[in-house]
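*Asks:* can't give you the sequence, but here's the structure:
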């Protein structure tokens with residue numbers, strides 16, 4: 001496990017207590033039942049902003065705390081444990097794009113608003129059914145952007161879109177030339193297909209030719225942190241169920257075969273934690289980021305799929321009923337696995353990064 005300082009431990013404990021007490025899975029059930037297209041509780045997000053979580057990676061001169069990516073990951077992990085729905089990850093990724101590639105004017109305009117929670121951001125990249133940065137066709141000409149983006153996370157209610165085009169990243173605001181259509185995925189969160197028709201756009205000029213890859217690496221690591229929290233929670237829920245469920249007049253946890261399966265999952269979970277925390281530490285250190293980010297997301301994909309599958313199976317048929325929370329984790333997992341790179345995509349990228 002990563003070595004935390006006292007402030008990071010306090011932040012993690014605060015996030016854990018808030019998520020358990022104020023945003024349990026039952027809160028997600030209420031959001032789902034509300035039918036709000038944003039698919040999150042605005043008051044809860046405002047509370048997150050008041051606690052400073054929306055500005056953790058943003059520099060102090062722009063209203064953030066500059067507390068680092070590991071600290072952001074600690075918060076996202078705890079929120080992942082309770083399936084807390086919010087635009088926190090999407091907004092943090094959008095903020096990172098501006099931090100990496102924005103002009104002083106763009107930073108001054110958007111970072112304070114993102115840090116305070118006044119504005120929320122979304123990252124629009126993919127144009128097909130699978131993650132494929134090489135397949136981008138959206139084009140910008142004369143400060144106007146045209147193209148289509150599929151499965152944009154947290155698009156509903158976003159104040160700003162960071163959009164990938166053939167020649168870089170652009171900032172686009174809702175309004176002229178921008179339309180979206182809701183896309184209902186199995187996790188029932190906010191996803192949209194977006195149409196940009198000659199929409200006003202500002203290019204992120206700094207950051208270099210690999211700006212898109214830099215932002216994607218940050219998105220991969222932060223989503224992997226959410227997946228880590230989910231995997232830990234499913235493991236704990238499944239273990240607790242095995243300890244209380246009686247079959248053939250015996251507690252399930254006493255069966256050696258099931259003990260072996262849980263022991264194997266614990267080992268996988270430990271490997272996942274090491275990879276994800278390694279990605280967060282690399283972001284803070286500013287070294288070895290592409291390889292660490294690729295490994296973090298690839299391992300998160302592998303382990304979360306395994307743990308959610310096992311969690312459902314070890315719960316038996318009741319695991320997929322709506323009364324039991326474990327099914328929600330599997331559904332969310334399947335969406336996150338495909339976000340910013342499936343395991344197959346990331347394996348290819350990892351090989352390319354290490355090709356001599």
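*Replies:* Right, received. Where do you want to start? The model shown is predicted, which means the values in this text are computed figures rather than measured ones.

*Asks:* quick one: residue 73 from residue 4, how far?
*Replies:* Counting by C-beta to C-beta, to the nearest Å, the gap from residue 73 to residue 4 is 11 Å. Placement of C-beta: from N, CA and C, glycine included.

*Asks:* of the two, who's got more company?
*Replies:* The residue with more neighbours, out of residue 73 and residue 4, is residue 73; 30 against 15, by other C-beta atoms under 10 Å.

*Asks:* once you drop chain neighbours, what's closest to residue 295?
*Replies:* residue 275 (5.2 Å; C-beta to C-beta, 6 or more residues apart in numbering).

*Asks:* tell me the confidence at the one you found?
*Replies:* Per-residue pLDDT puts residue 275 at 98.

*Asks:* by contact count, what packs against the helix or strand harbouring residue 217?
*Replies:* Per DSSP states H and E: residue 217 is located in helix 211-244. Judged by 3 or more C-beta pairs under 8 Å, 6 or more residues apart in numbering; DSSP states H and E, helix 211-244 is in contact with helix 69-81, helix 88-101, strand 168-172, strand 250-251, helix 256-285, helix 289-315, helix 326-338.

*Asks:* what sits against residue 104?
*Replies:* Applying C-beta atoms under 8 Å, 6 or more residues apart in numbering to residue 104 gives no contacts.

*Asks:* next one: it from residue 201, what distance?
*Replies:* 19 Å.

*Asks:* what secondary structure does residue 147 sit in?
*Replies:* Of the three states, residue 147 takes strand under DSSP: H, G, I helix; E, B strand; the rest coil.

*Asks:* backbone dihedrals for the nearest residue to it once chain neighbours are set aside, please?
*Replies:* Excluding the flanking residues, the one nearest residue 147 by C-beta to C-beta, 6+ apart is residue 138, at 2.5 Å. The phi/psi pair for residue 138 (degrees, to the nearest 10) reads phi -60, psi 140.

*Asks:* farthest from the middle of the chain: give me that residue.
*Replies:* residue 249 (42.2 Å; C-alpha atoms, centre = their mean).

*Asks:* give me the distance between that one and residue 226.
*Replies:* According to C-beta to C-beta, residue 249 and residue 226 sit 40 Å apart.

*Asks:* average model confidence for the strand or helix carrying residue 28?
*Replies:* Assigned by DSSP H and E, residue 28 belongs to helix 25-34. The pLDDT scores in helix 25-34 average 96.

*Asks:* continuing past it, what's the next helix or strand?
*Replies:* Following helix 25-34 in sequence, per DSSP H and E, is helix 42-50.

*Asks:* so which elements touch that next one?
*Replies:* Here helix 42-50 touches helix 6-22, going by 3+ C-beta pairs under 8 Å, 6+ apart.

*Asks:* in this structure, what helix or strand scores lowest on average pLDDT?
*Replies:* Confidence across the helices and strands of the chain bottoms out at strand 246-247, with a mean of 84, counting by mean pLDDT, DSSP states H and E.

*Asks:* my read: residue 28 touches residue 85, true?
*Replies:* Yes - the criterion here is C-beta atoms under 8 Å, and residue 28 meets it with residue 85 at 5.8 Å.

*Asks:* neighbour-wise, which of these two wins?
*Replies:* Higher neighbour count among residue 28 and residue 85: residue 85, with 25 against 22, using other C-beta under 10 Å.

*Asks:* so where is the protein shaky, pLDDT-wise?
*Replies:* Counting by pLDDT under 70, the ranges of the chain that qualify are 356.

*Asks:* at the geometric centre of it, which residue sits there?
*Replies:* Most central in the chain (C-alpha atoms, centre = their mean) works out to residue 223, at 2.9 Å.

*Asks:* tell me the contacts of that one?
*Replies:* Per C-beta under 8 Å, 6+ apart, neighbours of residue 223: 89, 297, 300, 336, 339, 340.

*Asks:* what's the answer for residue 309, then?
*Replies:* With C-beta under 8 Å, 6+ apart, residue 309 has these contacts: residue 330.
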